[in-house]
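Chemist: Need coordinates for the below:
(one chain, ligands or ions: 1)
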Amino acid sequence: MKNTFLETVKGKLIISCQALKGEPLYSSFIMARMALAAKQAGAVAIRANSIVDIQAIQDEVGLPMIGLNKIDYPDSPVYITPTIKEMRAVASTGAEVVACDVTGQKRPHDEQLVDIVKQMRSEFPDTLLMADTATLDNVREANQLGFDIIGTTMHGYTPDTKGMNIAADDFAYLKQVIAVAERPVIAEGKIDLPEKVRRCLDLGCHAVVVGGAITRPLEIASRFIAAI
Ligand SMILES: CC(=O)N[C@H](C=O)[C@@H](O)[C@H](O)[C@H](O)COP(=O)(O)O
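Modeler: You can find the predicted model right below:
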């Protein structure tokens, strides 16, 4: 069946529903309900972490999904769908898109991204691959490897970009990403206001992912508390 994810999300909002172990909402049941609220509000796709959460959300809302699997390995800082094992597991759920780290950092067991992409293309030819990048060099690598979607997910979360914010200087970095990317750009990471979503789309992003500002109540409540 043709993968229509990119057509479905064009100019629209994707909501990320994620809670890691240790976070107050850590529960597939709750993530599925978060996804239902997202759907009722008008989100056209969901981004989710872990096989159980992806499946629970698929059952509850039936929206297209960007799936990932965060795993910490002792020999690598890469944690978003880091190895072929997690890539396969996420694709096997039927998620339309599998997202993985493309930050140029060493992967677990020294796996090479070029091999992972090649393997995924042969095993899951209909699954789109999203590159979670942090820098323009990462975007160039994603272009070269033939990723289908360029995400800005890791901007601000690598040693080189620590503390940076995609919205700084009227999205100056995002403008460069759009200029360099050879595939549709999905803006993601610290987009915490509706006006910012609008701006990302006006600048030429294909779609926008918002997570914590909608689905992480601890983060939302902390912002209010910090204002006191
Ligand atoms: C850096 C990293 O691990 N980002 C993760 C990627 O899936 C999620 O924890 C974020 O919530 C997601 O990217 C959406 O971003 P925000 O929650 O800022 O809207």
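
Chemist: from here on, contacts and neighbour counts on C-alpha atoms
Modeler: Fine.

Chemist: My understanding was that residue 14 contacts residue 207; is that so?
Modeler: Yes - counting by C-alpha atoms under 8 Å, residue 14 touches residue 207, with 7.2 Å between them.

Chemist: neighbour-wise, which of those two wins?
Modeler: Counted by other C-alpha atoms under 10 Å, residue 14 and residue 207 do not tie: residue 14 has more neighbours, with 26 against 23.

Chemist: OK, contacts around residue 200?
Modeler: Taking C-alpha atoms under 8 Å, 6 or more residues apart in numbering, we find residue 200 in contact with 171, 187, 208.

Chemist: Which stretches in the protein count as strands?
Modeler: Under the criterion DSSP state E, the chain carries strands at the ranges 13-17, 45-49, 65-68, 97-102, 128-133, 149-151, 185-188, 207-210.

Chemist: Need the outlier residue of this protein, farthest from its centre.
Modeler: Distance from the C-alpha centroid of the chain, by C-alpha atoms, centre = their mean, peaks at residue 228 (32.1 Å).

Chemist: Can you read off the pLDDT for that residue?
Modeler: What the model reports for residue 228 is a pLDDT of 97.

Chemist: Look up how far the ligand lies from it.
Modeler: Relative to the ligand, residue 228 is positioned 23 Å away (C-alpha to the nearest ligand atom, to the nearest Å).

Chemist: For residue 72, see how far away that residue is.
Modeler: According to C-alpha to C-alpha, to the nearest Å, residue 228 stands 36 Å off from residue 72.

Chemist: How about residue 129?
Modeler: Computed as C-alpha to C-alpha, the residue 129 to residue 72 distance reads 21 Å.

Chemist: quick one, which of these two is more surrounded?
Modeler: Neighbours of residue 129 and residue 72, each counted by other C-alpha under 10 Å, are more numerous for residue 129; the result is 24 against 14.

Chemist: hmm, back to that, out of the strands of the chain, the one nearest residue 34 is which?
Modeler: Of all the strands of the chain, the one in closest proximity to residue 34, counting by C-alpha to C-alpha, is strand 13-17 (6.4 Å).

Chemist: Report the mean confidence score over that closest one.
Modeler: When the per-residue pLDDT values of strand 13-17 are averaged, the result is 99.

Chemist: Dump that strand to PDB, keeping only the CA atoms.
Modeler: Listed in PDB are the C-alpha atoms of strand 13-17, where the atom choice follows Å, rounded to 0.1, in the frame of the first residue of the first chain:
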ATOM      1  CA  LEU A  13       0.400  19.600  13.200                       C
ATOM      2  CA  ILE A  14       1.800  16.300  14.500                       C
ATOM      3  CA  ILE A  15       1.600  15.800  18.200                       C
ATOM      4  CA  SER A  16       4.300  13.900  20.100                       C
ATOM      5  CA  CYS A  17       2.900  11.800  23.000                       C
END
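
Chemist: mind listing what it pairs with, with the direction of each?
Modeler: In the sheet containing strand 13-17, the strands it pairs with under DSSP bridges are strand 45-49 (parallel), strand 207-210 (parallel).
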